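[1] Dropping the sequence and predicted coords here.
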Amino acid sequence: MNKPNSYKIDIFIRYLILGVSLLFFSTIYVTSVKADTKEEVLADVTHFLEATKSCNIDEMMKFSHYYHNVMNVKEFYTKICEEFPLQQAKITDLKVINNEVAAVSIESTYKDRISINTKPVIQKNGEWKIINGISGPEYIESSGQRDHTEAEVENDLMEYAKALKDGNKNKVKEHLLIPPQIGMEHLTNHLQALNKEQAPEVTPLEINMINDSVAIVQLQAKYSHFQTTSTQIVYKENGQWKVVFGVNLVNSSIPNNGQSVEIN
């Protein structure tokens, strides 16, 4: 006996719901990969720090990438390791942006100073490499003639700057990449603040390409009474260069005389 049309429609809807459910659970699976990726990043960064502490230069080279294109990185690492040995290191924060780039914050203790850094970590040849040699925001390097890729980055950043100036929140969102650990609520609060403050005039200064999809950029933000400079990770997603939201790269240090006073 033939089934009525209503029965066939009901079966179709059930299969449709099942398909959506499978898609939903596959999305959860993809998201869960982030946890595995975070463990991989943490392991490789830890390996680099352990190698630095023991002056294992070959392992330092294996798990790092130097920011500037220099030929004598190995000799440089050897000299720094011998003259300024690392006494202790503490990973204070790790944000996995996607499966190709992350950002790690490290507190490093030496004999005469304590360094505070937030550095990019990139996926390369199956390993995560920490990027060393990025200057702090107080060091401003004037950019010369942009090559083709750098010009692409600059063009997308100028569109982002225009969206900020115009108060076009939807357009601003298009130029931002949100790490999973930060979430949309933080971005929403940030965009709401644009209504209360004058939007800055943003200008890209130095642009340094790390690979085909990652760049490090100095951004200057001019407000009515002051200006700031920050160093940002920029990532190419779906053909567009986007600023990684909520991650400022830091390179700073304070003196350490060995007689610190702890306040508990």
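    Sure, I can see it.
[2] Could you use CA atoms for every contact and neighbour count after this?
    Noted.
[3] Keeping just the C-alphas, turn the one helix or strand Thr149 maps to into PDB.
    Secondary structure assigned from DSSP states H and E places Thr149 in helix 148-166. Taking C-alpha atoms only, helix 148-166 is exported to PDB below (Å, rounded to 0.1, in the frame of the first residue of the first chain):
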ATOM      1  CA  HIS A 148      53.300  43.500  -4.000                       C
ATOM      2  CA  THR A 149      52.200  41.400  -1.000                       C
ATOM      3  CA  GLU A 150      53.100  44.200   1.500                       C
ATOM      4  CA  ALA A 151      51.000  46.600  -0.600                       C
ATOM      5  CA  GLU A 152      48.100  44.100  -0.400                       C
ATOM      6  CA  VAL A 153      48.400  44.100   3.400                       C
ATOM      7  CA  GLU A 154      48.600  47.900   3.600                       C
ATOM      8  CA  ASN A 155      45.600  48.300   1.300                       C
ATOM      9  CA  ASP A 156      43.400  46.000   3.500                       C
ATOM     10  CA  LEU A 157      44.600  47.800   6.700                       C
ATOM     11  CA  MET A 158      43.700  51.200   5.200                       C
ATOM     12  CA  GLU A 159      40.200  49.900   4.500                       C
ATOM     13  CA  TYR A 160      40.100  48.700   8.200                       C
ATOM     14  CA  ALA A 161      41.300  52.200   9.200                       C
ATOM     15  CA  LYS A 162      38.600  53.900   7.100                       C
ATOM     16  CA  ALA A 163      35.900  51.600   8.600                       C
ATOM     17  CA  LEU A 164      37.100  52.700  12.100                       C
ATOM     18  CA  LYS A 165      37.000  56.300  11.200                       C
ATOM     19  CA  ASP A 166      33.600  56.100   9.600                       C
END
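[4] tell me the mean pLDDT for that helix?
    Predicted confidence along helix 148-166 averages 94 (mean pLDDT).
[5] Tell me how far it lies from the chain's centre.
    Using C-alpha atoms, centre = their mean, to the nearest Å, the mean C-alpha position of helix 148-166 is found 18 Å from that of the whole chain.
[6] what does stretch 173-189 give?
    13 Å.
[7] Test my guess that Thr118 contacts Ser252.
    No. Assessed by C-alpha atoms under 8 Å, Thr118 is found out of contact with Ser252, at 9.4 Å.
[8] between the two, which one's more packed in?
    Counted by other C-alpha atoms under 10 Å, Thr118 and Ser252 do not tie: Thr118 has more neighbours, with 22 against 14.
[9] separation between the more buried one and Pro137?
    As defined by C-alpha to C-alpha, to the nearest Å, Thr118 lies at a distance of 12 Å from Pro137.
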